[in-house]
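Participant: What follows is a predicted protein model with its sequence.
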Amino acid sequence: MLRMIRHLLPLIYALALWWASTAIIIVLYRLARWTYRFSFAGATVIGLASLYGVWVVRDDTGMFGAYVAFTCGTLVWGWQLTGFYMGFVTGPRQEPVAYHPSDLVRFAQAVHASLHHELAALAGAGVMAVISWGAMNQLGVWTYLLLWLMHLAAKVNIFLGVRNFHAGLLPDHLHYLGAFFRFRPMNLFFPLSVTGAVVAAALFGRWALHPAASEFEAVAGTFLGFLTILGLLEIWLLMIPPAGTPWGEHQASAER
């Protein structure tokens, strides 16, 4: 029973929170654009409340503190994603660009297209770090940083080339980002990102399952380890060919 409380319940809770928050963001950005201002205003209220929640439990190292910090860290990151996918916080470049054969030029263009989002994410990490500085419970900031790193890893893989991603998965107003996607059977960053995620998941799992781990450490390690596994799954899915496409079949744009 104790094992269920310390490990199984956090797994179920993390999956439910991750799935629900992702689904809500997708549903909201697929609504009419006139609704965005209200959705983002609501997300902002939730994000600010979550920052306050991180502060409230900063020294709570019980199970309650672990659940609240994890939830708040996830919701603050969800606030960042809402701003990006609704087009409020993207980058200076918000129009289609012609394909350029130079990876360096394309990388600079891609950074320019999402610069404001990345700076906002960095600022959010800074605020979370200040709130949690010297605190006993830093699970909120670690959750936020892990979600950000997972998002960055997926974006880098998409930029370098994957099998299973296209601009149609983005909101209509972000389709111009499709100019930075490439279709390839493999890229050099993919095995590095997968290896990094596996190592991180193993370290979090070791922390959670250590015989001397406290309840807080067991729950926190389970949360972070499971989030890392979800991120690993997302990266793997990028390399799985779309249904009905053989592994050996390349899309026409793969050679670009």
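Facilitator: Right, received. Where do you want to start?
Participant: got the phi/psi numbers for residue 184?
Facilitator: The phi/psi pair for residue 184 (degrees, to the nearest 10) reads phi -140, psi 150.
Participant: if I pick the closest residue to it other than its chain neighbours, what's in contact with it?
Facilitator: Spatial nearest neighbour of residue 184, chain neighbours left out: residue 161 (2.9 Å); criterion: C-beta to C-beta, 6 or more residues apart in numbering. Just so you know, the C-beta spots here come from the backbone N, C-alpha and C atoms, and that holds for glycine as well. Residue 161 is in contact with 182-184, 186-187, 254, counting by C-beta atoms under 8 Å, 6 or more residues apart in numbering.
Participant: ok, for residue 204, nearest residue in space, not its chain neighbours?
Facilitator: Per C-beta to C-beta, 6+ apart, closest to residue 204 is residue 225, 3.4 Å.
Participant: now residue 83
Facilitator: Spatial nearest neighbour of residue 83, excluding adjacent residues (C-beta to C-beta, 6+ apart): residue 89 at 3.7 Å.
Participant: Tell me the pLDDT of that neighbour.
Facilitator: The model reports residue 89 with a pLDDT of 94.
Participant: ok, now which ones touch it?
Facilitator: Contact analysis of residue 89 by C-beta under 8 Å, 6+ apart lists 80, 83, 116-117, 120.
Participant: Name the SS class of it, please.
Facilitator: coil (DSSP: H, G, I helix; E, B strand; the rest coil).
Participant: Any figure for the gap between the residue nearest to residue 204 and residue 208?
Facilitator: 6 Å (C-beta to C-beta, to the nearest Å).
Participant: quick one: which of these two has more around it?
Facilitator: A count of neighbours by other C-beta atoms under 10 Å puts residue 225 above the other of residue 225 and residue 208, at 25 against 21.
Participant: Please, which helix or strand holds the more buried one?
Facilitator: Per DSSP states H and E: residue 225 is located in helix 215-238.
Participant: Quick one: list the elements packing against that helix.
Facilitator: Helices and strands touching helix 215-238, by 3 or more C-beta pairs under 8 Å, 6 or more residues apart in numbering; DSSP states H and E, are helix 9-29, helix 63-85, helix 139-160, helix 189-209.
Participant: So what angle separates the directions of that helix and helix 139-160?
Facilitator: On the basis of axes from the mean of the first three to the mean of the last three C-alpha atoms, to 10 degrees, helix 215-238 is oriented at 10 degrees to helix 139-160.
Participant: Taking their axis directions, helix 215-238 and helix 63-85 sit at what angle?
Facilitator: 30 degrees.
Participant: Distance from the chain centre to helix 215-238, please.
Facilitator: A distance of 11 Å separates the centroid of the chain from that of helix 215-238, by C-alpha atoms, centre = their mean, to the nearest Å.
Participant: all numbers from here: first residue = 19
Facilitator: Yep, numbering from 19; the last one is helix 233-256 now.
Participant: Between helix 27-47 and that helix, find me the angle.
Facilitator: Using the same axes, to 10 degrees: helix 233-256 against helix 27-47 is 50 degrees.
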